[in-house]
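Participant: For reference, the sequence and a predicted model appear below.
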Amino acid sequence: MPAPTDDRRSPRASANGEANEGGQRRGGVDLLARVQRELGLAGAEVASPPHRAVPLPSRLATADLAWASVGAAMLAAGRSPASLDPERIATAYRSDRVLTISGEAPPVWSVYSGFWRTSDGWIRTHGNYPHHAAGLRAGLRLRDDAAVDAVRDALGERTTTAAVADITTAGGLAVAVAAEEPAADRALREHPLLELVRIDTTPSSHAPRATTATLPLASLPLQGMRVLDLTRVIAGPVCSRTLAILGADVLRIDPPHLPEPEWQHLDTGHGKRSAVLDARTSRLQELLAHADAVVLGYRPAALDRLGLQPEVLARRYPRLVVAQLSAWGVENPERAGFDSLVQAASGISFIESADGDRPGALPAQALDHSAGYLLAAAVTALLCRRAQEEGSWIVRTSLRRVAAELLGMPRSGEPAAEVEFDTRPHVARFDVDGTALVTARPALAGFEYRAPHRWGSDQPTW
């Protein structure tokens, strides 16, 4: 691998210092305690790390980020994180490894997704959606049936800068695999991991719905809440799936022209209804008018074009909780991205390189999953707070902000060995319209999923 073009540390070096396993696990406790304070979550102080680390070995503190993120959702639900099962969390974060549909493990990565060597470095591409794969081929001037070798040859002739420009200009997704930038990460960490904004609004004439402030402890904390889900891929759907197991009535809306891959929907669609609807229609506004919360996962610029800016929704619909998730943050409104691309661009891929040459990856799509659980914790906490305070709330986070958090946590020089464990206690089985489905069980202790619905099989109504 060509050396980085600047004088930053090598991929395996730690810009934030190294730590032993105990120090890493303490980092998860510190993160959870901070999130608990920022969200105003009740409950005993989190004083000690889990007895066993979550088996997600990496140089970075992936295990501790996962434990703290799921723990935040538990605290928001009024439950103790002490009951969390590390192996259950690991299985949930690696849900694609246990997923089967009709007894078969579906292919979850396109041949056009991955690391590719250029003439002067590496890039990472994402081609799981057909339109992104088409953009990659168009940018490289390849045929529609281009094989992996053709992509490899085309990229090997280009510089990293040219390859990324060619692909992105044509509508594909690619980023340069970069070294970490500690100063940039520190700047991101100066902002809250979950940014909360309260919007003063005219009091609503509707009677408040029951929340955790009025429901008995044995009840599901979000029973009776309506959540509109305008998200795709992993992070947003993990958030809304978590809200569903906490009792919310979750309705996912997708554009009619952009189907979700079946495996992806079934892996994260538990307990939700699924409908297709043009977001520019008045029907969506009617749904928002009767929602308690909405989760937004589209690019900020796309939300603006659809008239779905969080501030606009918060003012238009008093007492609405608006959760916004993006890949790169609101300061990059037009930039599309996925977990794997953020890992590559933020320096994570070089840090996790197995051989110091080819870039590596975290042991799971941990930025996605962690963002989902953290956002679910915030929505749950804000729905509870709404019972005492008028006004609407906005909460934001991004995959890039989660990456900066991970890069600031204690890390180790080498990852621990992979831990083999029996995943059978941690999977659930469903019948989805005659299709046998096996998925991971919830990471949250004491809750179980309801079966996913087929994509687009429901009506866009409450």
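Facilitator: Nice, I can see it.
Participant: Could you use CA atoms for every contact and neighbour count after this?
Facilitator: Will do.
Participant: Distance of Ile234 relative to Arg411?
Facilitator: Going from Ile234 to Arg411 by CA to CA, to the nearest Å gives 25 Å.
Participant: So between the two, which is more surrounded?
Facilitator: Arg411 (27 against 22; other CA atoms under 10 Å).
Participant: Please tell me I have it right and that one contacts Thr62.
Facilitator: No - contact criterion CA atoms under 8 Å: Arg411 and Thr62 do not qualify, at 9.1 Å.
Participant: who are the neighbours in contact with Ala364?
Facilitator: Listed by CA atoms under 8 Å, 6 or more residues apart in numbering, the contact partners of Ala364 are Leu56, Tyr93, Arg94.
Participant: Using the three-state scheme, assign the first one.
Facilitator: With DSSP: H, G, I helix; E, B strand; the rest coil as the basis, the three-state label of Leu56 is coil.
Participant: all numbers from here: first residue = 51
Facilitator: Okay, residue one is now 51; in that scheme the one you just asked about reads as Leu106.
Participant: Please name the nearest non-neighbouring residue to it.
Facilitator: Closest residue to Leu106 in three dimensions, ignoring its sequence neighbours and counting by CA to CA, 6 or more residues apart in numbering: Ala113, at 5.2 Å.
Participant: Off-centre distance for the helix or strand hosting Val300?
Facilitator: Applying DSSP states H and E as the criterion places Val300 in strand 299-304. Distance of strand 299-304 from the chain centroid (CA atoms, centre = their mean, to the nearest Å) equals 17 Å.
Participant: Quick one: residues in contact with it.
Facilitator: Here strand 299-304 has contacts from 273-281, 290-291, 293-294, 321-328, 506, 510, 512, using CA under 8 Å, 6+ apart.
Participant: Likewise for stretch 187-202?
Facilitator: In contact with stretch 187-202 (CA under 8 Å, 6+ apart) are residues 161-162, 166-167, 184, 204-205, 213, 216-222.
Participant: same thing but at 6 Å, please
Facilitator: Asp216, Ile217, Ala220 (CA atoms under 6 Å, 6 or more residues apart in numbering).
Participant: so who does the second one touch?
Facilitator: Residues near Ile217 by CA under 6 Å, 6+ apart: Leu186, Gly189.
Participant: Report the rounded mean pLDDT for the helix or strand containing it.
Facilitator: When elements are assigned from DSSP H and E, Ile217 belongs to helix 210-219. For helix 210-219, mean pLDDT rounds to 98.
Participant: Equivalent analysis for stretch 241-250, please.
Facilitator: pLDDT averaged over stretch 241-250 gives 95.
Participant: what about that stretch, start to end distance?
Facilitator: 22 Å.
Participant: chain center to that stretch: distance?
Facilitator: 18 Å.
Participant: related to what we said a few turns ago, so the residue nearest to Leu106 sits in a strand?
Facilitator: No - counting by three-state DSSP, Ala113 falls outside a strand, being helix.
Participant: That one and Ala122: what is the separation?
Facilitator: In terms of CA to CA, Ala113 sits 14 Å off from Ala122.
Participant: the more surrounded of the two?
Facilitator: More neighbours surround Ala122 than the other of Ala113 and Ala122, with 32 against 23 (other CA under 10 Å).
Participant: What strand or helix carries the more buried one?
Facilitator: Ala122 belongs to helix 112-126, assigned by DSSP H and E.
Participant: Please list the outside residues in contact with the lowest-mean-pLDDT helix or strand in the chain.
Facilitator: Within the chain, confidence by mean pLDDT, DSSP states H and E is lowest for helix 71-89 among all helices and strands, at a mean of 83. Helix 71-89 has contacts (CA under 6 Å, 6+ apart) with Pro99, Asp114, Leu115, Ala118, Pro460.
Participant: To what extent is Ser152 buried, counted in neighbours?
Facilitator: With other CA under 10 Å as criterion, Ser152 counts 12.
Participant: Tell me the confidence at it?
Facilitator: Value for Ser152, per-residue pLDDT: 97.
Participant: Then the one 5 residues further on?
Facilitator: pLDDT for Pro157: 93.
Participant: Now do it against Thr489, distance only.
Facilitator: 15 Å.
Participant: pLDDT wise, what is Glu464 at?
Facilitator: pLDDT, Glu464: 86.
Participant: Equivalent analysis for Ala69, please.
Facilitator: For Ala69, pLDDT reads 44.
Participant: where along the stretch 101-250 of the chain do the helices fall?
Facilitator: For the stretch 101-250 of the chain, the helices defined by DSSP state H, counting those that start in this stretch cover 112-126, 136-143, 180-189, 198-206, 210-219, 232-239.
Participant: can you give me the helices in the stretch 401-512 of the chain?
Facilitator: 416-435, 449-458.
Participant: quick one, which of those is packed in tightest?
Facilitator: Of all the helices of the stretch 401-512 of the chain, helix 416-435 has the most neighbours on average by mean count of other CA atoms under 10 Å, namely a mean of 27.
Participant: So which elements touch that helix?
Facilitator: For helix 416-435, the elements it packs on are helix 112-126, helix 285-295, judged by 3 or more CA pairs under 6 Å, 6 or more residues apart in numbering; DSSP states H and E.
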